[in-house]
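Colleague: this one's sequence-less:
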């Protein structure tokens, strides 16, 4: 045999691709065939030799299929309803939480405002009580000082009367002078502590001391230093500066002065000089470096005004 002769193959032909024809029945029982082609094969591929018979719709359990579809639809609808209800519930919870938070914040704000108002009312009540107590004490001290002034005035009148009697009995001006001096000494000696008399006595005791700017004693003074020390001798604290001293107490007219009143020159809150009224139309003050502490008549340098601190 020639080596070029064709030798038939005993191998079964290989189907590289098959085609299936699907025949399915339609609802009316009419058969149809659906051919599904596979991947394109070679030109010498074998023709379709197999078909699969599909049952018709009429042969299926349509009732069960419809029931299953209905059940699936019902389940889907129920799930959608459940999800909708859950979303609404979540939204309601979030809204309620926000409203509760807002209500709590408002309640806290009102509670804080009430606490602040209560604290303010208590502070005002306490301040009012303290003020009333201070006014009561000041009234009591003022009454005590008024009694002391009355005693001082009575003592001065009695001393003057005794001096006049002594002068008449002796018939000499010298005796009168001695009696007057004795009466003056008696008045200062009898001045009770913590009253206007003590302040006057202290001021007069410094007459002749030097004037030094900023001086607070014991041998040199400026005007406000002397006034502060005189009042301190009676147990009364006064500020250091003349303007602050003249701002204290109650304003009085120069025609209604009493011993111990503070005289000032300039405006009341901005005075530049102060002194102490000692009675008899006179005052004691640390005037200037030339004069030092002196006693002067109101006419010598009329003050602008006066305040009563006692």
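Modeller: In hand now; what should we look at? Note that the structure is a prediction, hence the values are computed from the model and not measured. Numbers count the residues shown, from 1 in each chain.
Colleague: how about low-confidence regions in the chain?
Modeller: Counting by pLDDT under 70, the chain has low-confidence residues at 1-61, 138-194.
Colleague: let me see the ranges of the strands in it.
Modeller: Assigned by DSSP state E, the chain shows strands spanning 20-25, 31-36, 51-53, 210-211, 220-221, 250-252, 262-266, 271-279, 282-288, 292-297, 305-308.
Colleague: residues making contact with the fifth one?
Modeller: Outside of strand 220-221, the residues that reach it under the criterion Cβ atoms under 8 Å, 6 or more residues apart in numbering are 206, 209, 210, 211, 212, 215, 229, 286, 293. To be clear about C-beta, it is placed using only N, CA and C from the backbone, and glycine gets the same treatment.
Colleague: what segments of the stretch 151-300 of the chain are helices?
Modeller: Along the stretch 151-300 of the chain, counting by DSSP state H, counting those that start in this stretch, helices occupy 173-190, 196-205, 223-233, 242-246.
Colleague: if we can go back for a sec, now the strands of the chain as TSV including distance to residue 202 and mean neighbour count?
Modeller: Output for the strands of the chain, formatted as TSV (distance: least, Cβ to Cβ, whole Å; neighbours: other Cβ atoms under 10 Å):
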stretch	distance to residue 202	mean neighbour count
strand 20-25	134	14
strand 31-36	133	10
strand 51-53	137	11
strand 210-211	17	17
strand 220-221	11	24
strand 250-252	21	13
strand 262-266	14	23
strand 271-279	9	23
strand 282-288	9	23
strand 292-297	11	17
strand 305-308	18	20
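Colleague: to residue 137, which of the ones you listed lies closest?
Modeller: With Cβ to Cβ as the measure, strand 250-252 is the member of the strands of the chain nearest residue 137 (16.0 Å).
Colleague: tell me which strands that closest one pairs with, and in which orientation.
Modeller: Using DSSP bridges, the strands paired with strand 250-252 are strand 305-308 (antiparallel).
Colleague: mind putting the strands of the chain into a markdown table with distance to residue 132?
Modeller: Formatted as a markdown table, those follow (distance: least, Cβ to Cβ, whole Å):
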| stretch | distance to residue 132 |
| --- | --- |
| strand 20-25 | 110 |
| strand 31-36 | 111 |
| strand 51-53 | 114 |
| strand 210-211 | 43 |
| strand 220-221 | 38 |
| strand 250-252 | 19 |
| strand 262-266 | 26 |
| strand 271-279 | 31 |
| strand 282-288 | 35 |
| strand 292-297 | 40 |
| strand 305-308 | 22 |
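Colleague: so which of these gets nearest residue 136?
Modeller: Per Cβ to Cβ, nearest to residue 136 of these: strand 250-252, 16.9 Å.
Colleague: and the gap between residue 203 and residue 293?
Modeller: Separation of residue 203 from residue 293 (Cβ to Cβ, to the nearest Å): 8 Å.
Colleague: er, residue 282 I mean
Modeller: According to Cβ to Cβ, residue 282 stands 13 Å off from residue 293.
Colleague: do the same with residue 285
Modeller: For residue 285, the distance to residue 293 equals 7 Å [Cβ to Cβ].
Colleague: cool, residue 279 as well?
Modeller: 17 Å.
Colleague: how about residue 222?
Modeller: Counting by Cβ to Cβ - residue 222 and residue 293 are separated by 10 Å.
Colleague: shared neighbours of those two, which are they?
Modeller: Taking Cβ under 8 Å, 6+ apart as the contact rule, residue 222 and residue 293 both touch 211, 286.
Colleague: now residue 219: phi and psi?
Modeller: Dihedral pair for residue 219: phi -120, psi 0, per degrees, to the nearest 10.
Colleague: so who does the residue lying closest to it once chain neighbours are set aside touch?
Modeller: Excluding its sequence neighbours, the residue lying closest to residue 219 (Cβ to Cβ, 6 or more residues apart in numbering) is residue 209, at 5.4 Å. Under the criterion of Cβ under 8 Å, 6+ apart, the contact list for residue 209 reads 217, 219, 220, 221, 286, 292, 293.
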